[in-house]
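Peer 1: Curious how this folds, go ahead:
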Amino acid sequence: MSWEFAVGVGAVKATVLCVLWYNRRRIAARLAGVDMRRVARGVARELELSPDEAKRLARSLDAHERKVDELRRHNAALRQRLHAAIRDGAVDATALDELFAGKRQLAEQAYAHVRDEFMAFHAGLSPQQRARLAGLLERHAAHPLFRHPLLP
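Peer 2: Sure, this is the predicted structure:
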């Protein structure tokens, strides 16, 4: 193998690694099944939203993603506390009740956030857009964004 070929392969690998590193969050979201920008564009197109409505939806979904990330981080901290309690042998009913009270509180916060965002979005839709939204939700019921029901 010539050194020019080896340098070319190295340059291609370096370029690919840089692109992957630069897009790591988008790639991670896609692997997790949720790309909020793509969801916002798809919903805006499906519901035939005006540009202003589409921007509001994108901002709302972005805020939703930030809120969910915050809740995920808090949930991870609770999980770490549970793991530490298990390691230390300090697991009893009271300790578990305290840990899972925090998890229940997180679930309630997440539900209230999703409910409020959905109600604000739904209120601005016309009857035709509401029908299209229902059809969209029915078609994509297995999508990670729509997997969880609005009610707890």
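Peer 1: on contacts alone, who are the packing partners of whichever strand or helix holds residue 104?
Peer 2: Applying DSSP states H and E as the criterion places residue 104 in helix 93-123. Helix 93-123 sits against helix 51-88, with contacts defined as 3 or more C-beta pairs under 8 Å, 6 or more residues apart in numbering; DSSP states H and E. Every residue, glycine included, has its C-beta placed from N, CA and C.
Peer 1: how much distance is there from the helix it packs on to the middle of the chain?
Peer 2: Between the centre of helix 51-88 and the centre of its chain there are 8 Å (C-alpha atoms, centre = their mean, to the nearest Å).
Peer 1: so how far is residue 74 from residue 68?
Peer 2: Going from residue 68 to residue 74 by C-beta to C-beta, to the nearest Å gives 11 Å.
Peer 1: And the residue nearest to residue 67 when sequence neighbours are not counted, how close does it get to residue 63?
Peer 2: Taking C-beta to C-beta, 6 or more residues apart in numbering, and ignoring the residues beside it in sequence, residue 67 has residue 113 as its nearest neighbour in space, at 5.2 Å. When C-beta to C-beta is the yardstick, residue 113 and residue 63 sit 9 Å from each other.
Peer 1: Fine by me, we can end here.
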